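# One predicted model, sequence on top.
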Amino acid sequence: MALNHIEQGFADLLESFGQEAGLPQRYFRAELRLNDVAAQKLRVHAALDKNAEFWAIAANALHLATLISLYRLFDTDSIGNVYEILNYGQEHPAIFLRTALARRRQQEKEDPSAHEATADDFIPLRKDLGRHRTLFDEKYRPIRGKILAHRVLSAAEQREIYASTSVVEVHEICSFFPALHSVLWQLYTNGLRPSLRPYVLSFEQIKAGETVNQGQHAVVRHTDRMLDSLIIDGK
């Protein structure tokens, strides 16, 4: 299958965005699961306590990585940022024509059910993105910029900022990017109309280890397996 240079450009952006989109949720769910399982299982907590310094460093690294990777997705100067691929898609609607899809699929006939996206299809996606960007800028960018990357706030000011944060909010922002990548991939590959699947969980669902996609499921499963390995044979 030969792609023209416009299609190749979108395919390359889709790949780079995909590499970035799943990172925040992986770091965040690993950090949460580590803390939640330790709180729920006394034997796991005791096992972690034996090497508490290491696990404290690991948890802090996951926390830092979550906010840095989110920052990169919103940063227009970073490779794989979300605006780059949305702008490109809107500027090149011919990518999503049925004729282009049939050629990429090496089909003789066009699929009449395939959706031919226009700039209007990107409006609800950008609306969701804007909502998450506003929340990130208001609550979570200051943590990255004034606490983690630079120390410019007092301990009391740091506690005040963290007190306003929410696990549910961060989980929703992290989960948005893989959902968006899936929508763009399905549009480009299968001609499906852009529609974000549900990606919001309650605090109780997150604590229970529920997930909204395969990436999160893998992280939770592997974290559970690693923590359980600490207490095998009474170790």
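Yep, that arrived. Numbers count the residues shown, from 1 in each chain.
# give me the low-pLDDT residue ranges for this protein?
For the chain, the stretches flagged by pLDDT under 70 are 1, 233-235.
# all helices of this protein, in order?
5-21, 23-40, 42-50, 52-74, 82-91, 98-105, 122-135, 141-143, 155-163, 167-190, 203-207, 214-229 (DSSP state H).
# of all these, which lies closest to Ala114?
Among the helices of the chain, helix 98-105 comes nearest to Ala114, with 4.9 Å by C-beta to C-beta. All C-beta spots, glycine's among them, are computed from the backbone N, C-alpha and C.
# Using CSV, write down the CA coordinates of that closest one.
Provided in CSV are the C-alpha atoms of helix 98-105 (Å, rounded to 0.1, in the frame of the first residue of the first chain):
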residue,chain,number,x,y,z
ARG,A,98,-13.8,7.2,0.9
THR,A,99,-11.6,7.1,-2.2
ALA,A,100,-8.5,7.6,-0.1
LEU,A,101,-9.6,4.9,2.4
ALA,A,102,-10.3,2.4,-0.4
ARG,A,103,-6.9,3.0,-1.9
ARG,A,104,-5.2,2.5,1.5
ARG,A,105,-7.2,-0.7,2.0
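# What is that helix packed up against?
Where contact means 3 or more C-beta pairs under 8 Å, 6 or more residues apart in numbering; DSSP states H and E, helix 98-105 is not packed against any helix or strand.
# tell me the angle that helix makes with helix 167-190.
90 degrees (axes from the mean of the first three to the mean of the last three C-alpha atoms, to 10 degrees).
# related to what we said a few turns ago, let me have the helices of the chain in TSV, extended by distance to Asp111 and mean neighbour count.
Formatted as TSV, those follow (distance: least, C-beta to C-beta, whole Å; neighbours: other C-beta atoms under 10 Å):
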stretch	distance to Asp111	mean neighbour count
helix 5-21	17	16
helix 23-40	32	21
helix 42-50	51	14
helix 52-74	32	17
helix 82-91	19	18
helix 98-105	6	17
helix 122-135	21	15
helix 141-143	42	18
helix 155-163	50	11
helix 167-190	9	20
helix 203-207	37	14
helix 214-229	26	16
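# Dump those into a markdown table; add distance to Pro112 as well.
Below are the helices of the chain laid out as a markdown table (distance: least, C-beta to C-beta, whole Å):
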| stretch | distance to Pro112 |
| --- | --- |
| helix 5-21 | 21 |
| helix 23-40 | 36 |
| helix 42-50 | 55 |
| helix 52-74 | 35 |
| helix 82-91 | 22 |
| helix 98-105 | 7 |
| helix 122-135 | 23 |
| helix 141-143 | 45 |
| helix 155-163 | 53 |
| helix 167-190 | 14 |
| helix 203-207 | 39 |
| helix 214-229 | 31 |
